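Chemist: Make a model of this:
(2 chains)
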2 protein chains.
Amino acid sequence: MFDPRPIGIFDSGVGGLTVLDALVRRFPDEGFLYLGDTARVPYGTKSARTVERYSVQVAECLLRRGIKGLVVACNTASALGLGALRAHCPTPVLGVIGPGCRKAASIIATLPHPGRVGVIGTRSTVASGAYPDHLADLDPRIQVYSHPCPMFVPMVEEGWLDHPSVRLIVEESLAELRLKPMDALILGCTHYPLLAPVISEVMGPELTLVDSSSAVAEELSHYIGNVIAPAPPGGEAHHVAFLVTDVADRFKETATRFIAGMDEAIVEMVDL
Amino acid sequence: MFDPRPIGIFDSGVGGLTVLDALVRRFPDEGFLYLGDTARVPYGTKSARTVERYSVQVAECLLRRGIKGLVVACNTASALGLGALRAHCPTPVLGVIGPGCRKAASIIATLPHPGRVGVIGTRSTVASGAYPDHLADLDPRIQVYSHPCPMFVPMVEEGWLDHPSVRLIVEESLAELRLKPMDALILGCTHYPLLAPVISEVMGPELTLVDSSSAVAEELSHYIGNVIAPAPPGGEAHHVAFLVTDVADRFKETATRFIAGMDEAIVEMVDL
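Modeler: Numbering: from 1, shown residues only, chains lettered A, B, ... in the order given. Predicted coordinates for the structure are as follows:
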């Protein structure tokens, strides 16, 4: 059985494109429909109720377009909206928090001592406790240190990746966390992989950074063929369409930092 | 003729509280109803169409509660939504751009040479050209240098006012503008007055910073008694109520940086 419909993927803005990039590389035969809720970005400063409401509206928009599965490529929406999304969606729904935690736990499992994992994310993701909860389910001995980095999303959305102040902002944001002994640091926001070089510099190159995007791609491979029918082989390879809720031009500009060739993509505006 | 109804005032978030503070001090007999559209902050990265739509929704909410006039205490909404707001509102509508420009022009008028004015604001405010247009109407000889400072709103919303990196971010954001000769710098966003000490340090203490809040208070005094009936004397002095569209607790916390005593205010959540 094949299913030619695309897989839906959404984020508050451009951050989820790091996940989309990993998915497009891993599944060249599948089509993807990406929605960036750019009118209402950022999600990470908003309440659980609002994030849940916005996530369901986004999912309904993607479902109306016809998708066969949904990847929630936003850690805040995964932390706060996954339950509501699974209740609303007739299709399988995959978040980014579970895969990231499983990847971190697999790294920890190779160590001779109980693991210590750092988690950085938006204010709402950290406040939700979703990461410590997931990690405790996987291994109750894991020591988790969570810390919000609220300036990272605005920096990445503005393309501030190598300005002189970026290193200082990252240093200040991670000052407390640097004092903790840890074996891995989860980049608990899809925007953060773009700051990985600076984060690694500040935290020390020996610390393993866990980027959820490859973990999500790995996890989706278990869905496809099991709960999601694959695309017919030899179809429209790499077919990706983009929806945004505001300012399509700026989305393209920012998105080119994430995915090569994005400047030629068709981006459609939608009202939610 | 007296009118006991409050004056509505709105901003995307907490920035407009700098204006509210000036109004409450200037008009102790008037009541104010403040709405912070905290679910959809920031406005300054959004398109004209979206800012206009959000502004009209906010105004409709305030009008349903019964206001006798509306102060748009957000430069982006003033730049992009004032026309639509005036078309929709049966009450007088006052923005922040006109008053700020008139204040700058009055400073320039005292100089022996044609004035040079810098304007900093959000990306959308600067892109709108509203400041150069207004200033040219007042004095076509004024030379205007505009520059967006997109990192300032997230910094202020996060309470980053004196972190070590704030000075560096302000320096980087103003690097181009510092090279221009200028007589006054308009803080074209209601969040920016909180960064005035750092901005002044970076730009040099001899440069006059124009903060719209006192200019708006001055301008409103011409409305009250003319197009807006004053509150009956001896009424509920300093009566201020707050509406937000998300996370009322964080609003109170951030707002205490703007207005003394705000932590005891009643803040109500509304859906738009």
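Chemist: quick one: contacts of the helix or strand bottoming out on mean pLDDT in chain A?
Modeler: None of the helices or strands of chain A scores lower by mean pLDDT, DSSP states H and E than helix A:248-255, at a mean of 79. Outside of helix A:248-255, the residues within contact range by Cβ atoms under 8 Å, 6 or more residues apart in numbering or on different chains are A:13-14, A:17, A:36, A:38, A:157, A:159, A:242, A:244, A:262-263, A:265, A:267-269, B:45. The C-beta positions use only the backbone N, C-alpha and C, and glycine is treated the same way.
Chemist: cool, stretch A:97-105 as well?
Modeler: With Cβ under 8 Å, 6+ apart as the test, stretch A:97-105 has contacts from A:75, A:78-79, A:82, A:115, A:117, A:130-131, A:134-135, A:138-139, A:142, A:184, A:186, A:188, A:210, A:212, A:214-216, A:218-219.
Chemist: just those that are near chain B?
Modeler: Applying Cβ under 8 Å from any Cβ of the partner chain to the contacts of stretch A:97-105, one finds that nothing falls near chain B.
Chemist: Among these, name the buried ones.
Modeler: A:75, A:78-79, A:82, A:115, A:117, A:130-131, A:134-135, A:138, A:142, A:184, A:186, A:188, A:210, A:212, A:214-216, A:219 (16 or more other Cβ atoms under 10 Å in any protein chain shown).
Chemist: Now, those residues that are in strands?
Modeler: Members of the buried ones among the contacts of stretch A:97-105 lying in strands (criterion: DSSP state E): A:117, A:184, A:186, A:210.
Chemist: For burial, what's the neighbour tally of the closest residue to A:Phe251 other than its chain neighbours?
Modeler: For A:Phe251, ignoring the flanking residues on the chain, the nearest one in space by Cβ to Cβ, 6 or more residues apart in numbering or on different chains is A:Val244 at 4.8 Å. Around A:Val244 sit 24 other residues, with neighbours defined as other Cβ atoms under 10 Å in any protein chain shown.
Chemist: partner residues bridging A:Val244?
Modeler: A:Gly36, A:Met269 (DSSP bridges).
Chemist: close enough to count as contact, it and A:Val41?
Modeler: No. Look at A:Val244 against A:Val41 with Cβ atoms under 8 Å: they stay out of range, at 9.8 Å.
Chemist: Pull up the residues of the stretch 151-272 of chain A that are close to chain B.
Modeler: Proximity of the stretch 151-272 of chain A to chain B (Cβ under 8 Å from any Cβ) is limited to residues A:151, A:154-155, A:157-158, A:160, A:163-165, A:168-169, A:171-172, A:245-247, A:250.
Chemist: Quick check: closest non-adjacent residue to A:Asp162.
Modeler: Distance criterion Cβ to Cβ, 6+ apart; nearest residue to A:Asp162, sequence neighbours excluded, is A:Val198 at 7.8 Å.
Chemist: Touching, the one you found and A:Arg167? I think so.
Modeler: Yes. A:Val198 lies in contact with A:Arg167 (Cβ under 8 Å); the separation is 5.7 Å.
Chemist: The two: who's more crowded?
Modeler: Per other Cβ under 10 Å, whichever of A:Val198 and A:Arg167 has more neighbours is A:Val198, with 20 against 16.
Chemist: pLDDT score for that one?
Modeler: What the model reports for A:Val198 is a pLDDT of 96.
Chemist: ok but it is inside a strand, no?
Modeler: No. Read with DSSP: H, G, I helix; E, B strand; the rest coil, A:Val198 is helix and lies in no strand.
Chemist: Output the helix ranked longest in chain A as PDB - backbone C-alpha positions only.
Modeler: The residue-count maximum for a helix in chain A (DSSP state H) belongs to helix A:48-65. This file holds the C-alpha atoms of helix A:48-65, laid out as PDB (Å, rounded to 0.1, in the frame of the first residue of the first chain):
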ATOM      1  CA  ALA A  48       0.300  26.200  27.600                       C
ATOM      2  CA  ARG A  49      -3.300  27.100  26.700                       C
ATOM      3  CA  THR A  50      -2.300  29.400  23.900                       C
ATOM      4  CA  VAL A  51       0.300  27.100  22.500                       C
ATOM      5  CA  GLU A  52      -2.200  24.300  22.500                       C
ATOM      6  CA  ARG A  53      -4.800  26.400  20.700                       C
ATOM      7  CA  TYR A  54      -2.400  27.600  18.100                       C
ATOM      8  CA  SER A  55      -1.000  24.100  17.500                       C
ATOM      9  CA  VAL A  56      -4.500  22.600  16.900                       C
ATOM     10  CA  GLN A  57      -5.300  25.400  14.500                       C
ATOM     11  CA  VAL A  58      -2.100  24.700  12.500                       C
ATOM     12  CA  ALA A  59      -2.800  21.000  12.500                       C
ATOM     13  CA  GLU A  60      -6.400  21.600  11.200                       C
ATOM     14  CA  CYS A  61      -5.000  23.700   8.400                       C
ATOM     15  CA  LEU A  62      -2.500  21.000   7.400                       C
ATOM     16  CA  LEU A  63      -5.200  18.300   7.700                       C
ATOM     17  CA  ARG A  64      -7.500  20.200   5.400                       C
ATOM     18  CA  ARG A  65      -4.700  20.200   2.800                       C
END
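Chemist: Quick one: residues in contact with it.
Modeler: So helix A:48-65 is in contact with A:8, A:10, A:33, A:35, A:37, A:40, A:43, A:46, A:70, A:72, A:74, A:76-77, A:80-81, A:84-85, A:88-91, A:93, A:124, A:128, A:243, A:270, A:272, B:39, B:245-247, going by Cβ under 8 Å, 6+ apart.
Chemist: residue contacts, the closest residue to A:Val156 other than its chain neighbours?
Modeler: Once flanking residues are discounted, A:Val156 sits nearest to A:His191: 4.2 Å by Cβ to Cβ, 6+ apart. By Cβ under 8 Å, 6+ apart, the contact set of A:His191 is A:13-15, A:18, A:152-153, A:156-157.
Chemist: measure A:His191 to chain B for me?
Modeler: Computed as Cβ to the nearest Cβ, to the nearest Å, the A:His191 to chain B distance reads 13 Å.
Chemist: Please report the distance of that residue from A:Arg49.
Modeler: Separation of A:His191 from A:Arg49 (Cβ to Cβ, to the nearest Å) stands at 23 Å.
Chemist: for A:Glu219, same thing?
Modeler: Distance from A:Glu219 to A:Arg49, by Cβ to Cβ: 28 Å.
Chemist: go on, A:Thr254?
Modeler: 28 Å.
Chemist: Just want to know which of those two has more residues nearby.
Modeler: Between A:Thr254 and A:Arg49, counted using other Cβ under 10 Å, A:Thr254 has the larger neighbour count: 21 against 15.
Chemist: distance of that one from A:Leu17?
Modeler: Distance, A:Thr254 to A:Leu17, by Cβ to Cβ: 9 Å.
Chemist: can you check A:Arg257 too?
Modeler: Taken as Cβ to Cβ, the span from A:Arg257 to A:Leu17 is 9 Å.
Chemist: Those two: who's more crowded?
Modeler: Ranked by neighbour count (other Cβ under 10 Å), A:Arg257 and A:Leu17 place A:Leu17 first, with 28 against 14.
Chemist: The nearest residue to the more buried one once chain neighbours are set aside: what's it in contact with?
Modeler: Nearest residue to A:Leu17, sequence neighbours excluded (Cβ to Cβ, 6+ apart): A:Phe258, at 3.7 Å. Going by Cβ under 8 Å, 6+ apart, A:Phe258 touches A:14, A:17-18, A:20-21, A:194.
Chemist: Just those residues: which are in helices?
Modeler: Per DSSP H, the subset of those in helices is A:17-18, A:20-21.
Chemist: quick one: which two of those are the most distant?
Modeler: Spanning the widest gap among those are A:Thr18 and A:Leu20, at 7.4 Å by Cβ to Cβ.
Chemist: what residues do these two have in common as contacts?
Modeler: With Cβ under 8 Å, 6+ apart as the test, A:Thr18 and A:Leu20 both reach A:73, A:258.
Chemist: would you say A:Val153 is within a helix?
Modeler: Yes. Assessed with three-state DSSP, A:Val153 lies in a helix.
Chemist: so what's it up against?
Modeler: By Cβ under 8 Å, 6+ apart, the contact set of A:Val153 is A:13, A:15, A:41-42, A:44, A:122, A:189, A:191.
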